[in-house]
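K.L.:
Following is a predicted model, sequence given first.
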Amino acid sequence: MIALEFTLKFIACIALVDFLSGFFHWLEDAYGHPDWPITGWWITRPNILHHHDARHFTQHSWLHSADVLLVMGGITLAVSYWLGWLNWMTWLVVLVGVNANEFHKWAHRSKAENGKLITFLQRMRLLQTPAHHAQHHRDGKNTHYCVVTNFLNPIVDAIRLWDLLEWVVFCICGVKRRVDPSVGIPKAAPV
């Protein structure tokens, strides 16, 4: 019974990280503006570049790719500690979360670049596969935001969660989704 409970909590943590990766990916794609003072240069511009050249960010170091996530992870750990919620599940969510961009990079790299272990985990569908993530880079770039696994995107996209959230944002704030300048531009398929 303890093993089942641990397994279910572990899976729930991974699903939470996958969802959060999708939520923040959706936010930056839909509402990030390249001219905003901090996030425009730090987050939105690299994201737009990624949509123009999907493999560009695979050349970045882990630290360069994880800088924003490390800040968010540190804040999460500090707040969890302050609230008395710091436990193994919080650590797991933060550990996987600060590596979300690595999982994303792996979905853009070749098998040779990823090596046998990552390729095996992708083949077993435990990590997001390049074919699955490539669906995000098709015209529109408005689906398949979650970058850790293949499991959540079909569910979230089937219920049209991102469309619903965009409708809510529009109803509350009157703000429409930012048009991605790379939509409609022919490009090489992600590896």
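P.N.:
Yes, it's here. In this text, all values refer to a predicted model and were calculated from it rather than measured experimentally. Residues are numbered from 1 along each chain as shown.

K.L.:
Could you use CA atoms for every contact and neighbour count after this?
P.N.:
OK.

K.L.:
Sketch out the low-pLDDT regions of this protein for me.
P.N.:
Scanning the chain for pLDDT under 70 picks out the ranges 139, 182-191.

K.L.:
those helices in it, which residues are they?
P.N.:
All helices of the chain, identified by DSSP state H, fall at 2-31, 39, 45-52, 62-83, 88-97, 100-106, 111-123, 130-134, 152-158, 161-173.

K.L.:
Give the next helix or strand downstream of the longest one.
P.N.:
This means helix 2-31. As assigned by DSSP states H and E, the chain's next helix or strand after helix 2-31 is helix 39.

K.L.:
What helices and strands are in contact with that following helix?
P.N.:
Judged by 3 or more Cα pairs under 8 Å, 6 or more residues apart in numbering; DSSP states H and E, helix 39 is in contact with no other helix or strand.

K.L.:
separation between the residue nearest in space to the middle of the chain and Ala100?
P.N.:
The chain has Ser21 as the residue nearest its centroid, 3.4 Å off, counting by Cα atoms, centre = their mean. Using Cα to Cα, to the nearest Å, Ser21 is found at 7 Å from Ala100.

K.L.:
what sits in contact with each of those two?
P.N.:
147-148 (Cα atoms under 8 Å, 6 or more residues apart in numbering).
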